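Chemist: Predicted model and sequence below, questions to follow.
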Amino acid sequence: MGGLSIWHLLILALFILVLFGGNRFSAMMGDVAKGLKSFKQGMSDDSEEEQRKREAQQRAIRHDPQIDVTPERRPAETVAPPPPPPPADETR
C-alpha cells in the first residue's frame with residue numbers, strides 16, 4: 001500500500017507538465033541531456049589523458065632501459081646490503 005502505482009506516477013507527470021508547460025519541460029530535458037553528454041565526454045578525456053601518460057612512460061622505457069618509472073620497483077643501487085652477522089665468540 002505504501003508504494004507508488006502507475007496511476008500515481010501518471011498524475012504526478014501530468015501535474016509537472018501543467019506546472020512547467022510543454023516547452024519549458026522539453027527545454028529542461030534537453031539541458032539534462034547536454035549535461036550527461038558533457039559528463040561522458042569529460043570522463044573519456046580523462047581516460048585518454050591517462051592512456052597518453054602510460055604510452056609516454058612505455059616509450060621512455062624502450063628508449064632508455066635504465067629508467068624505472070614504476071614506484072613499486074627501486075633501482076638496484078638504492079637497496080642496502082644486509083648487515084654482516086655479529087662476530088662469533090671464540091672464547092669457549
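Modeler: Received, thanks.

Chemist: any weak-confidence spans in the protein?
Modeler: 1, 63-79, 90-92 (pLDDT under 70).

Chemist: Could you rerun that using 80?
Modeler: Counting by pLDDT under 80, the chain has low-confidence residues at 1-2, 22, 24-25, 46-47, 58-81, 88-92.

Chemist: ok, longest helix in this structure?
Modeler: Longest helix in the chain, counting residues (DSSP state H): helix 22-63.

Chemist: Just list what that one packs against, helices and strands only.
Modeler: helix 6-20 (3 or more C-beta pairs under 8 Å, 6 or more residues apart in numbering; DSSP states H and E). Quick note: C-beta positions are derived from backbone N, CA and C, even for glycine.

Chemist: Now tell me what touches the helix it packs on from outside.
Modeler: Residues outside helix 6-20 that contact it (C-beta atoms under 8 Å, 6 or more residues apart in numbering): 25, 28.

Chemist: Check the offset of that helix from the chain's centre.
Modeler: Put simply, helix 6-20 sits 38 Å off its chain's centre (C-alpha atoms, centre = their mean, to the nearest Å).
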